[in-house]
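Peer 1: below are the sequence and a predicted model for it; my questions follow.
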Amino acid sequence: MNVITRFAPSPTGFLHMGGVRTALFSYLYAKQNNGTFALRIEDTDKARNKTEWETALIDDLSWLGLKHDTFSRQSDRIEIYSKYIQKLIINGSAYISKEIPKEEGQRHEVIRFKNPNKVVVINDLIRGEVRVDTTDLGDFVIARSFTEPVFHLAVVVDDFEMGITHVIRAEEHLSNTPRQILILEALGAPRPVYAHLPLVLAPDKSKLSKRKHGETVSLTYYRNKGYLPESIINFVALMGWNPGTDQELFSLDELIAKFKLEKVQKGGAIFNINKLNWINREYIRKLSNHSFADHIVPFIPEWLKTNDGLFIKLLPLLRKKINAFGDLAAILSQEGELGFVKDLKSYEPDILRWKKNPDFQITQRHLLAVKKLLENLGKGDWQVPKLTTSLWPYALEHGKGDVLWPLRVALTGQERSPDPFTCANLLGKEETIRRIDIACQKILTIHPTNQ
Ligand code: GLU
């Protein structure tokens with residue numbers, strides 16, 4: 001069998017992370033069976049569709065690396081649906097129904113499906129057997145006119161015409177399946193295999209929804225925050241599927257090899273941001289320096305873009321500190337942990353004192369001693385290992401906290417920061433000395449007697 005799957009989004013809003021999963025699983029299933037992955041834009045709801053959303057959807061999928069093999073758009077296929085509506089009327093499965101409009105503007109005529117009122121048995125690949133008595137559905141509407149098919153009709157016609165063998169979609173659509181099966185039976189179309197994917201849940205087990213969780217359910221949110229596409233793919237693959245081994249990191253190719261649709265769980269899948277962060281950190285760790293640098297450029301402030309020396313020195317540090325590239329702006333901001341590389345913010349002299357030995361006089365003595373040791377270092381020796389060895393004996397002799405705490409605060413103006421050798425290396429000799437002088441000056445202004 002030549003497997004053909006489809007992803008059939010409606011361009012009525014951003015791509016939901018659940019939608020990413022539907023696309024991914026459909027893609028994986030097609031690719032692992034040497035089949036075809038179809039992208040179908042379901043834009044029959046004229047009032048809610050926007051071309052911008054369609055463009056964004058296509059862009060999102062290509063960013064994720066989920067390349068489609070065929071493309072179609074329902075609004076281009078109205079004539080085809082019209083032909084099928086006529087066919088259903090002619091074969092007695094549908095009829096034009098005169099309606100009494102309940103509201104102004106409502107139609108006097110719609111096309112209804114003649115419900116055979118039977119029990120439909122769905123053998124869902126994930127959910128198992130599902131039986132539904134369709135009697136309650138009544139004679140449902142399949143088109144508002146010959147050129148205005150309702151969603152169910154368009155889906156069935158397309159799945160039939162496109163030879164879709166596997167319908168992989170969200171659980172929300174399970175309730176649509178009985179109607180769609182009735183229509184396809186009336187058309188004499190073969191039944192595809194259905195696989196309804198479990199709901200995506202927030203950590204509090206509520207359904208992850210746009211209404212409740214806002215933009216955090218959208219792929220755009222994570223793209224803008226600077227997550228890598230390979231991390232999103234990896235993360236989303238594990239929402240409802242697991243390989244049954246300890247492996248947690250999968251490239252798209254590995255997923256094609258290892259993913260098993262039959263192994264997708266029935267119960268809701270929890271969206272765990274910590275897991276996404278962990279996965280993304282792992283992928284960031286694997287990037288070459290060059291690629292990491294390329295990736296972060298759009299996320300860093302202008303002043304750093306134009307300071308190559310500092311940029312290169314900062315790279316390893318930045319890589320360790322972030323979950324996603326979007327975290328860089330905060331870390332490098334005035335309030336951030338690494339903001340000191342740009343400007344020394346004003347700070348209270350009090351924080352220069354090591355808490356276990358809060359004596360200003362001693363603090364200042366250490367700062368001056370350290371300054372002298374640093375002044376003896378040539379510019380070529382201004383690197384973390386040399387800086388460390390030049391200060392280490394003094395720090396060991398007088399107490400690491402006593403010596404290194406005031407130095408670190410002097411260089412950064414803050415209580416939390418990287419170690420002082422790293423800070424000095426980032427700042428360069430001149431600026432390091434300047435900041436030590438500032439610290440000594442601060443102590444002098446409150447303790448003139450120290451002179
Ligand atoms: N257009 C539907 C949606 O965006 C999907 C329909 C289907 O997969 O059958 O939710």
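Peer 2: Perfect, thanks for sending it.
Peer 1: which SSE is immediately downstream of the helix or strand bottoming out on mean pLDDT in the chain?
Peer 2: Evaluated with mean pLDDT, DSSP states H and E, the helix-and-strand set of the chain has its lowest mean pLDDT in helix 210-213, which scores a mean of 88. Reading on from helix 210-213 to the C-terminus, the next helix or strand found by DSSP states H and E is helix 219-224.
Peer 1: who does the helix or strand that comes right after that next one touch, helix- and strand-wise?
Peer 2: On the C-terminal side of helix 219-224, the closest following helix or strand by DSSP H and E is helix 229-237. Helix 229-237 makes packing contacts with helix 17-32, helix 51-64, helix 252-258, helix 273-286 when contacts are defined by 3 or more CB pairs under 8 Å, 6 or more residues apart in numbering; DSSP states H and E. Bear in mind the C-beta positions are built from the backbone N, C-alpha and C, glycine included.
Peer 1: residues from this structure in reach of the ligand?
Peer 2: 8-10, 42, 155, 169, 173 (CB under 6 Å from any ligand atom).
Peer 1: quick one, which of the helices and strands packed on helix 229-237 is packed in tightest?
Peer 2: Most buried of the helices and strands packed on helix 229-237, by mean neighbour count (mean count of other CB atoms under 10 Å): helix 17-32, with a mean of 25.
Peer 1: tell me the contacts of the closest residue to residue 85 other than its chain neighbours?
Peer 2: On the basis of CB to CB, 6 or more residues apart in numbering, the spatially nearest residue to residue 85 that is not a chain neighbour turns out to be residue 143, at 5.1 Å. For residue 143, the contacting residues are 81, 85, 110-111, 149-150, 153, by CB atoms under 8 Å, 6 or more residues apart in numbering.
Peer 1: which of the residues you listed sit farthest apart?
Peer 2: Of all pairs drawn from these, the one with the largest separation by CB to CB is 81 and 110; the distance is 14.3 Å.
Peer 1: comparing these two, which residue is more hemmed in?
Peer 2: Counting neighbours by other CB atoms under 10 Å for residue 81 and for residue 110 shows that residue 81 has the greater number, 24 against 19.
Peer 1: who does the helix or strand where that one lies touch, helix- and strand-wise?
Peer 2: Using DSSP H and E, the element containing residue 81 is helix 78-90. Helices and strands touching helix 78-90, by 3+ CB pairs under 8 Å, 6+ apart, are strand 94-98, strand 109-113, strand 141-145, strand 148-149, helix 151-161.
Peer 1: can you give me how far it is from the chain middle?
Peer 2: What separates the centre of helix 78-90 from the centre of its chain is 41 Å, taken as CA atoms, centre = their mean, to the nearest Å.
Peer 1: ditto for stretch 223-239
Peer 2: Averaged over its C-alpha atoms, stretch 223-239 has a centre that lies 5 Å from its chain's centre (CA atoms, centre = their mean).
Peer 1: what does that stretch contact?
Peer 2: Contacts to stretch 223-239, defined as CB under 8 Å, 6+ apart, come from residues 17, 20-21, 24, 28, 60, 63-65, 200, 219, 222, 248-252, 255, 259, 269-271, 275-276, 279-280, 282-284, 295, 299, 324-328.
Peer 1: try 7 Å this time
Peer 2: By CB atoms under 7 Å, 6 or more residues apart in numbering, the residues outside stretch 223-239 that reach it are 17, 20-21, 24, 63-65, 200, 222, 249-252, 255, 259, 269, 271, 275-276, 279-280, 283, 299, 324-326.
Peer 1: what of stretch 44-52?
Peer 2: For stretch 44-52, using CB under 7 Å, 6+ apart, the contacting residues are 10-12, 43, 74-75, 149, 151, 154.
Peer 1: and that stretch, which residues are buried?
Peer 2: Across stretch 44-52, burial judged by 16 or more other CB atoms under 10 Å covers 44, 49.
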